[in-house]
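Novice: no sequence on this one, just coordinates:
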């Protein structure tokens with residue numbers, strides 16, 4: 001399946017390269033990610049998970065709703081923001097929020113796609129930002145961090161709160177390492193998309209005294 005065959009805005013198709021979808025992307029499309037269905041994508045690093053989240057956000061924005069892309073670190077938020085600005089700034093408004101957790105920042109209401117950390121999103125929800133009710137899609141990158149003692153509770157709470165506030169919310173979880181994907185997909189009410197394809201083969205071996213022996 002080619003990107004040009006997807007049911008997305010023509011403007012977006014002109015921005016994205018007309019290449020063939022990678023396996024996890026094609027499976028996510030088949031699972032209904034472009035139809036507003038929640039999906040949990042589990043596939044190796046560099047296999048194309050980010051584009052699945054992007055496509056869900058784009059589809060949401062062009063349906064008249066807002067999208068939020070959550071990452072675990074401020075540095076990652078800055079990186080994703082720059083990437084999305086370079087790709088989509090001519091099509092819709094992209095915002096970044098990862099700073100003061102006590103600030104409501106009403107200017108955020110003007111953006112179509114917001115990149116932020118889980119802690120910032122949690123703060124915005126708790127401060128009752130009115131535009132939260134316009135959110136149609138939540139993408140959670142590195143969603144396996146739900147299991148991390150420091151960040152996991154905040155991420156779990158904010159997902160739970162948003163699902164309660166927004167019954168029709170589409171959730172797209174992305175991760176390369178989830179120990180219990182079926183259980184997590186069930187909790188999210190999401191279709192599970194699993195794939196093992198990676199762009200570069202992965203070899204395992206043992207390095208000892210200057211010699212590396214790969215497993216066969």
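Specialist: Noted; the coordinates are in hand. These numbers come from a predicted model, not from an experiment.
Novice: gap between the spatially most central residue of the chain and residue 35?
Specialist: Taking CA atoms, centre = their mean as the criterion, residue 139 is the residue nearest the geometric centre of the chain, at 3.3 Å. According to CB to CB, to the nearest Å, residue 139 stands 16 Å off from residue 35. From N, CA and C alone the C-beta is placed, and that goes for glycine too.
Novice: where are the low-confidence patches of this protein?
Specialist: 18, 99-104 (pLDDT under 70).
Novice: strands along that one, start to end?
Specialist: Assigned by DSSP state E, the chain shows strands spanning 39-42, 66-71, 94-97, 113-117, 135-141, 170-175, 191-194, 205-208, 211-214.
Novice: quick one: those as JSON lines, columns for distance to residue 85 too.
Specialist: Conversion of the strands of the chain to JSON lines gives the following (distance: least, CB to CB, whole Å):
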{"stretch": "strand 39-42", "distance to residue 85": "23"}
{"stretch": "strand 66-71", "distance to residue 85": "12"}
{"stretch": "strand 94-97", "distance to residue 85": "6"}
{"stretch": "strand 113-117", "distance to residue 85": "9"}
{"stretch": "strand 135-141", "distance to residue 85": "16"}
{"stretch": "strand 170-175", "distance to residue 85": "20"}
{"stretch": "strand 191-194", "distance to residue 85": "27"}
{"stretch": "strand 205-208", "distance to residue 85": "40"}
{"stretch": "strand 211-214", "distance to residue 85": "41"}
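Novice: just the helices from this structure, written as ranges.
Specialist: Along the chain, counting by DSSP state H, helices occupy 10-15, 23-30, 49-61, 74-88, 118-126, 152-165, 181-188.
Novice: buried residues in the shortest one, which are they?
Specialist: The reference is to helix 10-15. Residues of helix 10-15 classed as buried by neighbour count (16 or more other CB atoms under 10 Å): residue 12.
Novice: what's it packed up against?
Specialist: helix 74-88 (3 or more CB pairs under 8 Å, 6 or more residues apart in numbering; DSSP states H and E).
Novice: got the angle for the helix it packs on vs helix 118-126?
Specialist: Helix 74-88 runs at 80 degrees relative to helix 118-126, counting by axes from the mean of the first three to the mean of the last three CA atoms, to 10 degrees.
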